[in-house]
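Enquirer: dropping a prediction and its sequence here:
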There are 2 protein chains.
Amino acid sequence: MSTAPDPHDVLGYLLKHAHLRFTALTDTALRPLGIDSKDFGALRVLAGREPASQLQVAQRLGIDRTTMVALLDELERKGVVARRPDPGDRRRNIVELTEQGERTLDAARTAYREAEEDFLAAVPPQAAAQLRATLRELVE
Amino acid sequence: MSTAPDPHDVLGYLLKHAHLRFTALTDTALRPLGIDSKDFGALRVLAGREPASQLQVAQRLGIDRTTMVALLDELERKGVVARRPDPGDRRRNIVELTEQGERTLDAARTAYREAEEDFLAAVPPQAAAQLRATLRELVE
DNA sequence: GCTGATCGTCAGTAACGCTGACGATCAGAA
DNA sequence: TTCTGATCGTCAGCGTTACTGACGATCAGC
């Protein structure tokens, strides 16, 4: 007999809606800073590293290099990152945080951490750590 | 000091890419049956229940009722579901699985289960169960 | 019967991220 | 050194997903 299946038991549903909920929370937390969670991901990847080309940044973010163009256009318009030509390879642009970008990122880290804690508040800390570890293995 | 942050440690990244990977796997597994994971979710929600209106089905799926229209159009075109007017309330359509829909769903369950197992193969079964439980609490 | 709410539908829109193509540039081989 | 193939950033276009806002038809309560 075909039991009535609770969609909440289905991994696809759970992953999708967990992601939706999480991005909704973090977007809200970051909005006062003028960025969203997608922007934040880019800023974080740029911080504390060697200067990197657009392609390298895109690969770290797991997005296409063509998607990177629009993202950088927006971040540059907001004044948090800057593109400059790579002197060693003129096909490339080097992407850097601006000073304002550094400041924004500092504030964003705090806001993001709080949003993450809110999101994870429904489960014990040990389960949250376990979740992260399991997801990391599944994504690898 | 700002450490170089591994994007793979960030919950948003993990949730997004876990979901992407999972839907890619299940879509591939379901493709021979002519449906995708979105379709499968709808079929599953329809099976073994009272006949339901479009709105009720949409709510169970966690999507908007306007999104439901296009989804049902597609499923009806594929011959796996049927709409018929609700005799008790002519504003409503009752949505049902067709016989072909039942057969498709049976086959899809198997294909889906295998894809899910493939996805979860990277972690021990206990971690998989824990993942599901934690996500369910986070989504509630 | 009216009035306000509900349901399904549709047009329009927005976000996201892809493919395919292009010019500019680079690296290696002839 | 010049040619050839690959690489990088850019752009136009497309497909997916799912929304808002509006509409007609219908229902329920007064």
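Expert: Everything's here; your move.

Enquirer: how many residues are close by the closest residue to DNA strand C within chain A?
Expert: Scanning chain A for the residue nearest DNA strand C gives A:Asp64, at 2.5 Å (criterion: C-beta to the nearest atom of the strand). C-betas here are computed from N, CA, C, even on glycine. Residues near A:Asp64, counting by other C-beta atoms under 10 Å in any protein chain shown, number 11.

Enquirer: what's near enough to touch it?
Expert: A:Asp64 is in contact with A:Ala58, counting by C-beta atoms under 8 Å, 6 or more residues apart in numbering or on different chains.

Enquirer: low-scoring stretches of chain A, by residue?
Expert: A:1-9 (pLDDT under 70).

Enquirer: which non-adjacent residue is nearest the residue most central in space within it?
Expert: Chain A has A:Gly41 as the residue nearest its centroid, 2.8 Å off, counting by C-alpha atoms, centre = their mean. Using C-beta to C-beta, 6 or more residues apart in numbering or on different chains and skipping the chain neighbours, the partner closest in space to A:Gly41 is A:Leu61 (5.9 Å).

Enquirer: which residues of chain A fall in helices?
Expert: A:11-30, A:37-46, A:54-61, A:65-77, A:99-120, A:125-139 (DSSP state H).

Enquirer: tell me which of the ones you listed is the most buried.
Expert: Of all the helices of chain A, helix A:37-46 has the most neighbours on average by mean count of other C-beta atoms under 10 Å in any protein chain shown, namely a mean of 22.

Enquirer: near DNA strand C, which residues of chain A show up?
Expert: Chain A has residues A:Asp36, A:Lys38, A:Ile63, A:Asp64, A:Thr66, A:Thr67, A:Ala70, A:Leu71, A:Asp89, A:Arg90, A:Arg91 near DNA strand C, with proximity defined as C-beta under 7 Å from any atom of the strand.

Enquirer: list the contacts of the third one.
Expert: If you count contacts by C-beta under 8 Å, 6+ apart, A:Ile63 has them with A:Leu71.

Enquirer: residues in contact with the nearest residue to A:Gly101 once chain neighbours are set aside?
Expert: Once flanking residues are discounted, A:Gly101 sits nearest to A:Val80: 3.5 Å by C-beta to C-beta, 6+ apart. Contacts for A:Val80 were tallied using C-beta under 8 Å, 6+ apart; they are A:Ile35, A:Asp39, A:Leu43, A:Leu97, A:Thr98, A:Gln100, A:Gly101, A:Thr104, A:Leu105.

Enquirer: quick check: phi and psi on A:Val80?
Expert: phi -100, psi -20 (degrees, to the nearest 10).

Enquirer: separation between it and DNA strand D?
Expert: Distance of A:Val80 to DNA strand D, computed by C-beta to the nearest atom of the strand, to the nearest Å: 16 Å.

Enquirer: ok, A:Arg91 next?
Expert: 4 Å.

Enquirer: likewise for A:Arg103?
Expert: For A:Arg103, the distance to DNA strand D - C-beta to the nearest atom of the strand - is 24 Å.

Enquirer: tell me how many other residues crowd A:Asp89.
Expert: 10.

Enquirer: picking up where we left off before, the residue of chain A closest to DNA strand C and A:Val81, how far apart?
Expert: 18 Å (C-beta to C-beta, to the nearest Å).

Enquirer: correct me, but A:Gln100 touches A:Glu76?
Expert: No: with contact defined as C-beta atoms under 8 Å, A:Gln100 does not reach A:Glu76; the gap is 11.4 Å.

Enquirer: any residues of chain A in contact with DNA strand D? List them.
Expert: A:16, A:53-55, A:58, A:65-66, A:68-69, A:72-73, A:83, A:89, A:91-93.

Enquirer: just confirm A:Thr67 contacts A:Ala58, I think it does.
Expert: Yes: with contact defined as C-beta under 8 Å, A:Thr67 reaches A:Ala58; the gap is 7.0 Å.

Enquirer: and of the residues of chain A next to DNA strand C, the nearest to B:Ala121?
Expert: Taking C-beta to C-beta as the measure, B:Ala121 lies nearest A:Ile63 of the residues of chain A next to DNA strand C, at 26.4 Å.

Enquirer: and that closest one, its phi and psi?
Expert: According to degrees, to the nearest 10, A:Ile63 has phi -120, psi 170.
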